[in-house]
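> Below is the structure, and that's it, no one-letter string:
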């Protein structure tokens, strides 16, 4: 067991290494710095989304091809960031580019359903065991529309969510997410300024992997709760797997109390298995929310499920969007779902993922580092905590200093990774064994440097 003195020494070394690597990164990226200084004049924080913020400034990219990206300073990286897990097809995949070009020549937008949109819907229904789907443009819209549909179907207003989970930036979901304190009364704590206080009374929060907490809440409040919104694999705090029997227990509780079970598969859908969490764990929800990896990097989202629930859209629930089912998005989605993400592709992604996770775990073990790896198909991560995570409160024990040092080291050694301790790596169908080995080699060099 690591002593307190050893832990203190490791933390000090992590701070030293981060400072050195950060200084090196700043020296290497003068054009990113200049673009940041320009960007802050027209965009808050100099970025298009607050998730893209970097310290002291973000790395701005110029292009991507296959498994690689290049920044505005001309540096090449093997990309394991992959658009926060959207780019499972890799960059500029020839089939995706061809589909987009072909669709664009026919017209980029009509606000009228085209045949590719129908085909895309059919493919999603088949993969995820859904009766019907509707399209959106993002994961936020998908969870927002699913929650409203559940409220319309049940006549109830309450929302139950998981402590520490992020489900997009619509007001109903912006409670007790990453960084928010734990509520003492079972209601959520707002994650952002501007969220109406009245919505707090409509939100209940329970820990992940605690079916008994859901049973207790539903026994007292089920008549007020429309839905349970959950990532079946929690992926905004690294990766937390559901314990055996957990999802089955949630399914039973929702059935007993008439609560709509909604899977937020914006991150795990199409990445951890062809049919997402339903296929991998065998528990079918009432509604599934999708986005990110389903359409080759275009702004696609969808939600769908049981026919009787989706029929509420026909009878009173207004689900709209000018760009929903856009022809460019649909054309890309059809190619991704039908032609690229095949069973063979998932087998290969699983092999690459295991190669990466096991390689990083060897480094952790060889150097006695306080961390562990998670291997989940195209997704995986290093969590800087010795034991696997069970819920959000476990995540608070992870070592931010070790993460920061490792991130800065990897970026300077040609590995492009997500900038937050809560994120994961993503492997694309265009990665190969050499890309995986390059990551492991860089991580091994970090292990040696941090423990020297």
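All right, it came through fine. For clarity, every value in this text was computed on a predicted model and none was experimentally measured.

> least trustworthy helix or strand in the protein by mean pLDDT?
Taking mean pLDDT, DSSP states H and E as the measure, the helix or strand of the chain with the lowest value is helix 392-395, at a mean of 90.

> helix or strand right after it?
Using DSSP states H and E, the helix or strand that directly follows helix 392-395 along the chain is helix 400-412.

> Quick check: which helices or strands does that next one pack against?
Where contact means 3 or more C-beta pairs under 8 Å, 6 or more residues apart in numbering; DSSP states H and E, helix 400-412 is packed against helix 4-28, helix 433-450. C-beta: built from backbone N, CA, C; applies to glycine.

> weakest of these in terms of mean pLDDT?
Of all the helices and strands packed on helix 400-412, the segment with the smallest mean pLDDT is helix 4-28, scoring a mean of 93.

> buried ones in it?
Residues 10, 13-14, 17-18, 21-22, 25, 28 are the ones in helix 4-28 that count as buried (16 or more other C-beta atoms under 10 Å).

> cool, stretch 374-382 as well?
Neighbour-count burial for stretch 374-382, with 16+ other C-beta under 10 Å as criterion, is recorded at 374-382.

> Kindly indicate which of those lies nearest residue 368.
Proximity of those to residue 368, judged by C-beta to C-beta, is greatest for residue 382, which lies at 14.6 Å.

> thinking that closest one is in contact with residue 369, fair?
No: with contacts counted by C-beta atoms under 8 Å, residue 382 stays clear of residue 369, the gap being 9.0 Å.

> Now for residue 190: which residues touch it?
If a contact means C-beta atoms under 8 Å, 6 or more residues apart in numbering, then residue 190 has 174-175, 180, 197, 200 as its contacts.

> elements contacting the helix or strand encompassing residue 100?
Assigned by DSSP H and E, residue 100 belongs to helix 94-106. Judged by 3+ C-beta pairs under 8 Å, 6+ apart, the packing partners of helix 94-106 are helix 327-335.

> how about the helices of the stretch 1-150 of the chain, start to end?
Taking DSSP state H, counting those that start in this stretch as the test, the helices found in the stretch 1-150 of the chain are 4-28, 30-39, 82-85, 94-106, 115-128, 139-154.

> So which of those helices is nearest residue 281?
With C-beta to C-beta as the measure, helix 115-128 is the member of the helices of the stretch 1-150 of the chain nearest residue 281 (12.9 Å).

> quick one: average pLDDT of that closest one?
According to the model, helix 115-128 has a mean pLDDT of 98.

> coming back round to it: lowest-confidence one in the buried residues of stretch 374-382?
Within the buried residues of stretch 374-382, pLDDT is lowest for residue 377, at 93.

> Relative to residue 346, how far out is that residue?
Taken as C-beta to C-beta, to the nearest Å, the spacing of residue 377 relative to residue 346 amounts to 7 Å.

> Phi and psi next, for residue 283.
Here is the backbone geometry of residue 283 (degrees, to the nearest 10): phi -120, psi 120.

> so what's the nearest residue in space to it that is not next to it in sequence up against?
Nearest in space to residue 283, with sequence neighbours left out and distances taken as C-beta to C-beta, 6 or more residues apart in numbering, is residue 247 at 4.1 Å. The neighbourhood of residue 247, defined by C-beta under 8 Å, 6+ apart, consists of 232, 277, 281, 283.

> Not counting its own residues, what contacts the helix or strand encompassing the second one?
Following DSSP H and E, one finds residue 277 within helix 276-281. Residues lying outside helix 276-281 but in contact with it, judged by C-beta under 8 Å, 6+ apart, are 127-129, 232-233, 242, 247, 263, 265, 268-270, 272-273, 283-285, 288, 290.

> still on that earlier bit, okay if I get the helices of the stretch 1-150 of the chain as JSON lines plus distance to residue 311?
As requested, those are exported to JSON lines (distance: least, C-beta to C-beta, whole Å):
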{"stretch": "helix 4-28", "distance to residue 311": "53"}
{"stretch": "helix 30-39", "distance to residue 311": "46"}
{"stretch": "helix 82-85", "distance to residue 311": "32"}
{"stretch": "helix 94-106", "distance to residue 311": "30"}
{"stretch": "helix 115-128", "distance to residue 311": "15"}
{"stretch": "helix 139-154", "distance to residue 311": "9"}
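
> Chain neighbours aside, what residue packs nearest to residue 151?
For residue 151, the closest residue by C-beta to C-beta, 6+ apart turns out to be residue 226, at 4.5 Å.

> again but with residue 304, I slipped
Leaving aside its sequence neighbours, residue 304 is closest to residue 133 (3.1 Å, by C-beta to C-beta, 6+ apart).

> Give me the nearest residue to residue 167, chain neighbours excluded.
Counting by C-beta to C-beta, 6+ apart, residue 167 lies nearest to residue 173, which is 3.9 Å off, once chain neighbours are set aside.

> typo on my end, residue 107
Of all residues apart from its sequence neighbours, residue 327 sits closest to residue 107 (C-beta to C-beta, 6+ apart), at 6.6 Å.

> So residue 262, which state does it fall into?
Taking DSSP: H, G, I helix; E, B strand; the rest coil as the rule, one finds residue 262 in the strand state.

> Distance-wise, check it relative to residue 118.
According to C-beta to C-beta, residue 262 and residue 118 sit 24 Å apart.
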